[in-house]
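> Build me a model from this:
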Amino acid sequence: MDMETRDERDWLRPRGSNQSGMSQFNERVVLQAIRLHASLPKAELARLTNLSTQTVSLIINRLHDDGLVMKLAPLRGKVGQPSVPMALDPDGAFFIGIKIGRRSVDVLLVDFAGAVRARSSLAYRYPDPDTLFGEIDTQLRAIGAMLGPARAARLSGIGVAAPLGLGGWQALLNCDPGQADQWDRIDIRARIQAMTALPVAFAKDTMAACVAEVVAGRGRSVPSFVYVFVGTFIGGGLVLNSSVHAGAHGNAGALGSLPLERAAPGMRALPAQLLSAASLFNLEQLYAAAGLDDSAAYDARALQAPWLAHTEAWLDDAARALALAVHSANCLLDLNEVVIDGSAHAGLLARLLEAVNAALAHYSWEGTQRPTLLSGSIGADARAIGAALLPLHANFAPDRELFLKILKSGDMQWQSTQS
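Predicted coordinates for the structure are as follows:
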């Protein structure tokens, strides 16, 4: 099966219907086809969506009138009338993605074509609620002012990505317990909803990153995989048949909590978890202990002296711990691929991928198949971009099941203003 056929199988389900009463659904099917192929003439859209040429023509006319699609230059050189490719109009709609992390908050403005049009970030040692929500409110107002009244009217929603237990792991982070306990009483979605008339959706941060990889990255060609995101704390997600699997409690793919050894009666401490060995927080600690700037864990300095020696030590430990997690997950799930991404510099992530591959060679694969490791394609913005994709899918994609499962897993409600 060639790649184009596989893409059509995985990404253009469900097909459109030529029956009456399906206009909005068919519009979403057509928009998704254009999104996944960048631009398409009407005849090709009809073939891919299983809609009649007349139906596609009517849909395209409506979408064009609504400012959601635009005509590109005609394709000439073939027999007959030149075909006119249709593409998404980047200004057709806008979405805001907010990533709340343990080290920073990012606010992105994403356009209808998926490009990041504006960004802001605030770094901190630990997220203080008043400071953090004040920054988000400021940035939401700034985005509205930047867009102006006409384009601001095309803002379709806000997605928020954050750890489910933002106040957890207090000892590791060396934070004030009182400050950490505040987060247990805060409804993040509700706090942000109070700032805006736009609908606000919430998802676990690593699940949002996984959504970005499914929609805009490896997921376009790989239908099932374990997703790993190496951030301040390592986490992940599980993708089965091109859909993010949320799990019973919205925490499927919580790789950071995997134990690294067997528990036994009388142990002085509980077994260490993967996040205690393979998180960028551990790299920060190595730098700090050596009197170095620990923010280098997130940029190119990690592969330069004097940080490099400590990076090498972290890579060895993190890779061995990750290899154990990959082997265990693969024995349970029997998947062909594992995708590794993160908020570190691309060069460091590439080194980590190499090191995990080498560490996997020390395991027996008898009775199972060794998976292929793939680099993630989104990078540090994956969580914020994934958050922005939540309102995009809610309002413009036919496969709402992915969106609704993610919201249900976070026990949050989407208050849609769309019909």
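
> Scan the chain for its longest helix.
Longest among the helix segments of the chain by residue count, using DSSP state H, is helix 308-333.

> Please verify my assumption that Arg218 contacts Asp341.
No. Assessed by Cβ atoms under 8 Å, Arg218 is found out of contact with Asp341, at 9.0 Å. For glycine as for every other residue, the C-beta is placed from the backbone atoms N, C-alpha and C.

> Need the overlap of contacts for those two.
Listed as contacting both Arg218 and Asp341 by Cβ atoms under 8 Å, 6 or more residues apart in numbering are Gly376, Ser377.

> the more surrounded of these two?
Just comparing Arg218 and Asp341: by other Cβ atoms under 10 Å the higher neighbour count belongs to Asp341, 29 against 19.

> does the more buried one sit in a helix or strand, and which one?
strand 337-342 (DSSP states H and E).

> What of Val30?
Going by DSSP H and E, Val30 is part of helix 23-37.

> ok now that helix, how far from the chain's centre?
Per Cα atoms, centre = their mean, to the nearest Å, the displacement of helix 23-37 from the mean C-alpha position of its chain is 21 Å.

> Which other helices and strands does it contact?
Other helices and strands packing on helix 23-37, by 3 or more Cβ pairs under 8 Å, 6 or more residues apart in numbering; DSSP states H and E, are helix 3-11, helix 42-49, helix 53-65, strand 86-88, helix 382-396.

> TSV please, covering these and showing mean pLDDT and distance to Glu213.
Putting these into TSV (pLDDT from 0 to 100; distance: least, Cβ to Cβ, whole Å) gives the following:
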stretch	mean pLDDT	distance to Glu213
helix 3-11	42	14
helix 42-49	92	23
helix 53-65	95	27
strand 86-88	96	20
helix 382-396	93	7
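
> rewinding a little: ok now the longest helix of the chain, how far from the chain's centre?
Distance, centroid of helix 308-333 to centroid of chain: 22 Å (Cα atoms, centre = their mean).

> can you list the domain ranges for this structure.
3-88, 92-211, 218-375 (automatic domain parsing).

> that older thread, identify each buried residue in the helix holding Val30, please.
Asn26, Glu27, Arg28, Val29, Val30, Leu31, Gln32, Ala33, Ile34, Arg35, Leu36, His37 (16 or more other Cβ atoms under 10 Å).

> ok, and what's touching the helix or strand following the strand holding Asp341?
Later in the chain than strand 337-342, the nearest helix or strand by DSSP H and E is helix 346-360. Outside helix 346-360, the residues within contact range by Cβ under 8 Å, 6+ apart are 230, 300, 302-303, 311, 315-316, 318-320, 322-323, 326-327, 340-342, 344, 370, 373, 375-376, 379.

> And for stretch 34-48?
7-8, 11-12, 30, 33, 51-53, 55-57, 60, 69, 72, 75, 83-88, 113-114, 220.

> Select only the buried ones of these in PyMOL?
A single PyMOL command is used to select the members of the contacts of stretch 34-48 judged buried by 16+ other Cβ under 10 Å:
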select buried, resi 8+11+12+30+33+51+55+56+60+69+85+86+87+88+113+114+220
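
> what separates Leu353 from Ala319, distance-wise?
According to Cβ to Cβ, to the nearest Å, Leu353 and Ala319 sit 9 Å apart.
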